[in-house]
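here is my input, please return the structure:
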Amino acid sequence: FGPAILAQARFAQALRPASAGLGWPEASPHRMAAWCLVCCGVGLAVASVVPSAQHYVDGTVEYDITWEDKEDMPVAVSDATASAVGGVIYVIGGCDDAKGNSRVGGNETHPFHACIDIADHVMIYRPLQPGWTLSSSKMMMARYRHAAVVVGTDIYVVGGRNVLDQLLTSVLRYSTTDDAWSTVGDFPGATSDNAAFEHGGAVIACGGYNHDYSGAQASCHILEPEAEQPAFIPWAASLATGRGDFSIVRLQDAAYAYGGFDSSFTALASIERVRLQGTAGQLAWETMPAAMRHARGDFAAAALHGRLLAIGGESGTNALDAGASLRHVEAFSPQTAAWLGELHLAPIPHATFRFCAAAVRNSVYIFGGQRAFNASCDCYPTHSGVFVYHERATRIADGTVPRTVVLAPWAAALAGAALATQP
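Residues are numbered from 1 along each chain as shown. As a prediction, the model looks like this:
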């Protein structure tokens, strides 16, 4: 491509008179060609820093994002939960029908799709070891679209629905040390598509849809597992906005609720926070000024390197294409109270939504989900794929350049030859 480079250089030299007053040195076409080669080398070097990945600087931190495919799950599921305990991930329940959400009613204008086979098992994944393990203990009743929260080495399962689309009020506990299920109690106010988090050893469940999906709830309830008779009672603070299909993530001394759908099934971009210090009377969810770049529900959430992540999802208008317009990762920094800029949203490599995820060390592991609408089965097929979002965060020292770029050897050699042969 030497003639093309030289031609571009001659064009660049033709522009030289317009910038003569800037004090730039005179340059022959050969010198300009050399600099074109240098620029090409730099560009290719930068592009090869993180192959098929994302590299950017946000504030004082430099991020490298990569993706990796892993071994498939033994059973394809969607609408499950994934919880990490001691570096091991437990995928609980979900829709395990091969057709995922298939047509079960409605009409041509408003078809109704639902899952007709619900899982009662636990699939156990160890990121540092090959293969999967199926728990020998099963839930008392299959469920999906529930919430799960880790307290110590136990996982509490709250809410969700059965195969008849009925709300499940039983509260279950799975012991990861004993591989055993037990019933904690009954929660008459249970919802589906809810979210939960741990605080001080207690389980706090919020939001979700009521029995007929007519309202996205704002109320929160608290369960003290160590009480003589554990039971959910109203918590001191309700969400500022009723939400379903949303996420709550605990980070340091606060919990953050974001995304989801409201009672009219409008996708939400807002994020709210409750500070967990102080007395019960001081607890309150507050809506933060900054909103996500893209409203979304049915997404996976995690905390990584002091930021909150929103991975994939759907907006309520793009279910047919598996949320294609939201196939990226947003990140929120509580320190700056700002979401990541639009140009830095890391693209997701696979077309899937309604998946679950869990963070282990510097990575978020993403499990299953549903594919785009398949007209031949009038369904959204489930799949068993597993892939990983890896994030490396490096703090930038004051006054330093974020990334040193080394010129590609071939470009350096060609540039040197061009400079050596210039007239």
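
hey, let's count contacts and neighbours off CA atoms from now on
OK.

the stretch 301-423 of the chain: helices as residue ranges?
For the stretch 301-423 of the chain, the helices defined by DSSP state H, counting those that start in this stretch cover 409-420.

how about the strands in it?
Applying DSSP state E, counting those that start in this stretch to the stretch 301-423 of the chain gives strands spanning 307-311, 328-333, 338-339, 346-347, 356-360, 363-367, 379-380, 386-395.

with the stretch 1-150 of the chain instead?
Ranges of strands in the stretch 1-150 of the chain, per DSSP E, counting those that start in this stretch, are 54-58, 61-70, 81-85, 88-92, 101-106, 111-114, 122-125, 132-134, 147-151.

circling back to that earlier point, most packed of the strands of the stretch 301-423 of the chain?
For the strands of the stretch 301-423 of the chain, the largest average neighbour count (mean count of other C-alpha atoms under 10 Å) is found in strand 379-380, namely a mean of 26.

who does Val329 form a beta bridge with?
Ile311, Ala346 (DSSP bridges).

likewise Phe197?
Ile204.

measure it to Val150 for me?
Using C-alpha to C-alpha, to the nearest Å, Phe197 is found at 8 Å from Val150.

tell me which of those two has more neighbours.
Counted by other C-alpha atoms under 10 Å, Phe197 and Val150 do not tie: Phe197 has more neighbours, with 23 against 20.

contacts only, for that one.
Contact analysis of Phe197 by C-alpha atoms under 8 Å, 6 or more residues apart in numbering lists Val149, Val150, Val203, Ile204, Ala205, Ile248, Val249, Arg250, Ala255.

ok so, going back, for the strands of the stretch 1-150 of the chain, which one sits closest to Asn374?
strand 101-106 (9.5 Å; C-alpha to C-alpha).

ok, and for stretch 287-297, which residues are buried?
Under the neighbour-count criterion of 16 or more other C-alpha atoms under 10 Å, stretch 287-297 has Thr287, Ala291, Met292, His294, Ala295, Arg296, Gly297 buried.

of these, closest to Ser102?
Closest to Ser102, out of all of the buried residues of stretch 287-297 and judged by C-alpha to C-alpha, is Gly297, at 19.8 Å.

next up, the contacts around the closest one.
Each residue near Gly297 by C-alpha under 8 Å, 6+ apart is listed here: Gly244, Asp245, Phe246, Gly259, Gly260, Phe261, Ala267, Leu268, Gly313, Glu314, Ser315, Gly316.

could I have the buried ones of those as ChimeraX selection syntax?
Buried members of these, defined by 16+ other C-alpha under 10 Å, are picked up in ChimeraX with:
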select :244,245,246,259,260,261,267,268,313,314,315,316
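
so can I have CSV of the contacts of Gly297 showing distance to Glu108?
Listed next are the contacts of Gly297 as CSV, based on distance: C-alpha to C-alpha, whole Å:
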residue, distance to Glu108
Gly244, 26
Asp245, 25
Phe246, 29
Gly259, 30
Gly260, 27
Phe261, 24
Ala267, 24
Leu268, 28
Gly313, 25
Glu314, 22
Ser315, 22
Gly316, 18
